[in-house]
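Colleague: Sharing a model prediction with you, sequence too.
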Amino acid sequence: MLDVLGQDIGKSRITLIHDRNDYNLTILQAFDKMVNDPNFKYGKSFTSITACSWEDCIALQPADLVAFEVFKRASGYKRKSFDVLLDLGSFGIRSKRLPLDVLQKIKADLIKDGKIEDGA
């Protein structure tokens, strides 16, 4: 996402919120590792990460709704409520499928650039 925004990110600051769960410490450690990595050019764009529950954080409620709708769609249920969300111009989720050859090219490029190992 940040690579797409590029220069447009400017001096914006991003705070992340995630659902409280058994992996809070792991998530925090991964966040700290990323933002402190000198090779991650957007590390200074992130302020913090916070674990909350949907009961205490209204911002998580739409995310939970979308997660539920995506789960139902992935389970083979086509729900009108999700179609309505996707049709909203103001709704920020978009989905596209990438053909297998494109995914294979992305993987090959990541291996070539040393970003991932070739696990065959």
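Modeller: Noted; the coordinates are in hand. Numbering: from 1, shown residues only.
Colleague: Tell me how this structure divides into domains.
Modeller: Here the domain parsing of the chain from automatic domain parsing is 1-52, 59-120.
Colleague: Next, format these as TSV and append mean neighbour count and mean pLDDT.
Modeller: For the C-beta atoms, the positions are set from N, CA and C on the backbone; glycine is no exception. Formatted as TSV, the domains of the chain follow (neighbours: other Cβ atoms under 10 Å; pLDDT from 0 to 100):
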stretch	mean neighbour count	mean pLDDT
domain 1-52	12	85
domain 59-120	10	84
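Colleague: Any idea how far stretch 104-120 is from the middle of the chain?
Modeller: Chain-centre distance of stretch 104-120: 20 Å, with Cα atoms, centre = their mean, to the nearest Å.
Colleague: actually stretch 18-34, sorry about that
Modeller: Chain-centre distance of stretch 18-34: 14 Å, with Cα atoms, centre = their mean.
Colleague: before we move on, what about stretch 71-82?
Modeller: Centre-to-centre, stretch 71-82 and its host chain are 20 Å apart (Cα atoms, centre = their mean).
Colleague: Please list the outside residues in contact with that stretch.
Modeller: When contacts are defined by Cβ atoms under 8 Å, 6 or more residues apart in numbering, stretch 71-82 is touched by residues 69-70.
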